[in-house]
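Asker: quick one, fold the following:
(one chain, ligands or ions: 1)
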Amino acid sequence: MHELSVCQGMLAQVSEIARDHGARAASRIVVRVGPLSGVEPALLAQAFPLARAGTVAAEADLVVEPAPVRVRCERCGAETEAAANRLLCGACGDYRTTLTAGDELLLVSVELVREEEVMSAKR
Ligand SMILES: [Zn+2]
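Answerer: Got it, this is the predicted structure:
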């Protein structure tokens, strides 16, 4: 499953962040997944419990934030939201657009547990 390796990559980043902050665990991981990222949020949520076992995120919750698809129009210059399967300019309807958002898979934030306190690390 592709999503499992995505989770493992994400957890490697989380481990690194936890180590940089001297944290013993991560309690909450927020990721932003665009519809064109090639990652299915439901499958990501399914793969997460398998991937987190034995890592600093063994007890962590995963929150998947959906991201909008956005395009910039080459004709009128507008930047608008578009449907994932129809990347037309929302202002003039032209098809000559460049994708500016919607294909991302980003680690948005990680909540870390350090002895007693809970802290938040943004990236
Ligand atoms: Zn346009």
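Asker: how about Leu43, secondary structure?
Answerer: Secondary structure, DSSP: H, G, I helix; E, B strand; the rest coil: Leu43 is helix.
Asker: am I right that it is in contact with Glu3?
Answerer: Yes: with contact defined as C-beta atoms under 8 Å, Leu43 reaches Glu3; the gap is 4.2 Å. (Each C-beta comes from the backbone N, C-alpha and C, glycine too.)
Asker: what secondary structure does Gly90 sit in?
Answerer: With three-state DSSP as the criterion, Gly90 reads coil.
Asker: list the residues that contact it.
Answerer: Applying C-beta atoms under 8 Å, 6 or more residues apart in numbering, we find Gly90 in contact with 71, 78, 80-82.
Asker: if we can go back for a sec, between Leu43 and Glu3, which is the more surrounded one?
Answerer: Higher neighbour count among Leu43 and Glu3: Glu3, with 20 against 15, using other C-beta atoms under 10 Å.
Asker: you'd agree that one is in a helix?
Answerer: Yes: counting by three-state DSSP, Glu3 is found in a helix.
Asker: near the ion, which residues of the protein?
Answerer: Neighbours of the ion within the chain, by C-beta under 5 Å from the ion: 73, 75-76, 78, 89, 91-92, 94.
Asker: just the buried members of the residues you listed?
Answerer: When those are checked for burial by 16 or more other C-beta atoms under 10 Å, the buried set is 73, 89.
Asker: reformat the residues of the chain next to the ion as a markdown table; add distance to Leu50 and pLDDT.
Answerer: Putting the residues of the chain next to the ion into a markdown table (distance: C-beta to C-beta, whole Å; pLDDT from 0 to 100) gives the following:
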| residue | distance to Leu50 | pLDDT |
| --- | --- | --- |
| Cys73 | 42 | 98 |
| Arg75 | 46 | 98 |
| Cys76 | 46 | 98 |
| Ala78 | 43 | 98 |
| Cys89 | 41 | 98 |
| Ala91 | 44 | 98 |
| Cys92 | 46 | 98 |
| Asp94 | 44 | 98 |
